[in-house]
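**Student:** Need coordinates for the below:
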Amino acid sequence: MADKHLDSGLRITDKTLLWQWEKVLRLKAAQQIILFNQDQTEAVYKILKISNKSVDLEKLSDIKPKKITKKLFLFWSLLKRDNNELILQKCTELGVSDFVPVISDRTIKKDFNLERSQKIVIEASEQCGRFDIPQIHSPLKLKATIEKHKDKVQLMVCEPDGLKIENCKLKISEPSGVLIGPEGGWSNAELALFKNRELAIVKISELTLRAETAAIVAVSKLL
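**Tutor:** A predicted model of the protein is given here:
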């Protein structure tokens, strides 16, 4: 985030960041902010001088990072844009380590803005105090996704006919991953694929949940 290291701290000249600080957050000189960097450090800074060209910061103290102890992959069938963004934001806050968008048989909207998605998880990480930023993978078709990850990640599938996570005798290892279907549910061919690959089928609620709600509930239960 820093363009120049000064004796007293940092100088920021990134135009996008400056616009957000000045126009959106309306930061002023003498205010304090918390920043984290790509080296996974976090610290409190005081704003010495702010303009539309640069911000000079004085470092006040380091912050002990909040570490995510579990590695959880979220595989979800792409939804409409706002719902994808909700999943990225809330599941970052809950602690997901990897996001894997999936194209399933009943996926309607198949485009995915990777650059915007990365901005969302960065902002969510900053908001909740995470020192790490989740990785976002490129979208893949369901079968290709399973083949790519089945030997590296313990995969579970959310399905109303599965056993409740709390009741099933499933020893969850790390890394683990949960698959969330589209609005119309998994197709018969996809259910047959899960059975053929011997994936665990789990239920997260007695109620029928929207796909974005199911993703958030599943992540919260597994973490």
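**Student:** does the nearest residue to Ser187 once chain neighbours are set aside sit in a helix or strand, and which one?
**Tutor:** In this structure, Ser187 finds its nearest non-sequential neighbour in Asp105, 4.0 Å apart by C-beta to C-beta, 6 or more residues apart in numbering. C-betas here are computed from N, CA, C, even on glycine. Under DSSP states H and E, no helix or strand contains Asp105.
**Student:** For the residue nearest to Gln89 when sequence neighbours are not counted, give its distance to Lys164.
**Tutor:** Closest residue to Gln89 apart from its sequence neighbours, by C-beta to C-beta, 6+ apart: Ala124 at 4.7 Å. Applying C-beta to C-beta, to the nearest Å, the value for Ala124 to Lys164 is 29 Å.
**Student:** which one of the two has more residues nearby?
**Tutor:** In this view Ala124 and Lys164 are compared by other C-beta atoms under 10 Å, and Ala124 has more residues nearby, 20 against 12.
**Student:** so when I look at that one, I'm seeing a strand, right?
**Tutor:** No: looking at Ala124 with DSSP: H, G, I helix; E, B strand; the rest coil, it is helix, so not inside a strand.
**Student:** What does the pLDDT read for it?
**Tutor:** At Ala124, the model reports a pLDDT of 92.
**Student:** Pretty sure it sits against Leu88.
**Tutor:** Yes: under the criterion of C-beta atoms under 8 Å, Ala124 makes contact with Leu88 at 7.1 Å.
**Student:** hmm, back to that, contact partners for the residue nearest to Gln89?
**Tutor:** Leu88, Gln89, Lys90, Thr92, Glu93, Arg130 (C-beta atoms under 8 Å, 6 or more residues apart in numbering).
**Student:** Out of those residues, the closest to Ile12 would be?
**Tutor:** Among these, Arg130 lies closest to Ile12 (C-beta to C-beta), at 20.7 Å.
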